[in-house]
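>>> fold the following for me, if possible:
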Amino acid sequence: MKTIAIEDLPHASRLAKLIEITPVVEVMLEMNLPAGGRIFYGTPLYQSFGLTKRAALQHSKSELLLMRGCELKVHA
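Predicted structure coming up:
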């Protein structure tokens with residue numbers, strides 16, 4: 001199955017896809033977003049999870065945490 005970055009999706013479907021994949025990202029990171037939090041399109045994931053860049057770099061999944069929401073890959 002082909003994957004595509006969220007930034008390559010039609011503009012109208014990007015937010016819905018970010019919301020849809022949030023639980024998957026939480027499981028992959030073994031972390032939950034703060035109450036009322038969400039993944040933002042142009043923001044690094046570590047900020048959405050309330051981490052500093054330094055803490056993100058020390059995390060075992062730092063590569064994922066340093067990605068912006070728009071860089072996440074989804075099934076096309």
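
>>> and Ser13, how far from Met1?
Shown here: Ser13 relative to Met1, a distance of 17 Å by C-beta to C-beta, to the nearest Å. (Each C-beta comes from the backbone N, C-alpha and C, glycine too.)

>>> could you pick out the longest helix of the protein?
Residue-count comparison of every helix in the chain, with assignments taken from DSSP state H, identifies helix 11-29 as the longest.

>>> list the helices and strands that one packs on?
With contacts defined as 3 or more C-beta pairs under 8 Å, 6 or more residues apart in numbering; DSSP states H and E, the packing partners of helix 11-29 are helix 62-65.

>>> so what does the helix it packs on touch, helix or strand wise?
Counting by 3+ C-beta pairs under 8 Å, 6+ apart, helix 62-65 packs on helix 11-29, helix 45-48.

>>> can you tell me which residue is nearest the centre of this structure?
Ranked by distance to the mean C-alpha position of the chain (C-alpha atoms, centre = their mean), the top residue is Gly69 at 4.4 Å.

>>> re earlier: Ser13 and Met1: which is more packed in?
When Ser13 and Met1 are compared for neighbours, Ser13 comes out ahead with 12 against 4, by other C-beta atoms under 10 Å.

>>> returning to that earlier point: let's have the helices and strands packed on helix 62-65 in JSON lines, adding distance to Arg38 and mean pLDDT.
Listed next are the helices and strands packed on helix 62-65 as JSON lines, based on distance: least, C-beta to C-beta, whole Å; pLDDT from 0 to 100:
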{"stretch": "helix 11-29", "distance to Arg38": "7", "mean pLDDT": "95"}
{"stretch": "helix 45-48", "distance to Arg38": "7", "mean pLDDT": "96"}
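
>>> how close does the closest residue to Gly50 other than its chain neighbours get to Met1?
Closest residue to Gly50 in three dimensions, ignoring its sequence neighbours and counting by C-beta to C-beta, 6 or more residues apart in numbering: Pro34, at 5.1 Å. Computed with C-beta to C-beta, the distance linking Pro34 and Met1 is 32 Å.
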